[in-house]
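A.B. asks: Predicted structure and sequence below. I'll ask about it afterward.
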Amino acid sequence: MSATQSTLNGIACTRVHLLLLWKGAWVADCDLDASTPAAAPTSGPASLVVGGVTMTGTVDPRYSGTFANRAHACVVGGAGAAHPSQRSSSDGAAEAS
């Protein structure tokens with residue numbers, strides 16, 4: 001276990017995948033502590049603490065929620081969710097429209 005615990009709105013994160021892009025908003029995919037799935041944020045303002053640094057963003061409800069005692073939140077940097085074109089899969093596949 002690391003000396004610094006990551007949190008999202010005060011809830012411990014078990015995993016954080018933080019994407020810091022060259023331009024546009026940062027994006028963080030967070031798995032939250034399984035002991036508090038009902039308290040997990042599924043939308044609205046967010047305060048993410050990673051490595052002692054506090055970042056302010058918004059929980060994107062399209063990619064956040066709870067299932068089977070697990071909670072996941074996608075946080076986008078800033079006051080609003082990113083445009084869908086900023087979220088893309090890393091496999092390089094084109095999406096049908």
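C.D. replies: The structure has been received and is ready for your questions.
A.B. asks: What is the subsequent helix or strand relative to the helix or strand of the chain with the lowest mean pLDDT?
C.D. replies: In the chain, the helix or strand scored least confidently by mean pLDDT, DSSP states H and E is strand 65-67, which has a mean of 86. Note on strand 65-67: by DSSP states H and E, the next helix or strand toward the C-terminus is strand 70-77.
A.B. asks: got the contact list for that following strand?
C.D. replies: Here strand 70-77 makes contact (Cβ atoms under 8 Å, 6 or more residues apart in numbering) with 8, 25-34, 36-37, 40-42, 46, 48, 55-60, 62-66, 82. Bear in mind the C-beta positions are built from the backbone N, C-alpha and C, glycine included.
A.B. asks: Next, report how far that strand is displaced from the centre of its chain.
C.D. replies: On the basis of Cα atoms, centre = their mean, to the nearest Å, strand 70-77 sits 3 Å off its chain's mean C-alpha point.
A.B. asks: in it, what's buried?
C.D. replies: Of the residues in strand 70-77, those buried by neighbour count under the rule 16 or more other Cβ atoms under 10 Å are 71, 72, 73, 74, 75, 76, 77.
A.B. asks: and those residues as CSV, adding pLDDT and distance to residue 19?
C.D. replies: What follows is the buried residues of strand 70-77, written out as CSV (pLDDT from 0 to 100; distance: Cβ to Cβ, whole Å):
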residue, pLDDT, distance to residue 19
71, 91, 20
72, 93, 15
73, 94, 14
74, 95, 10
75, 96, 11
76, 95, 10
77, 94, 10
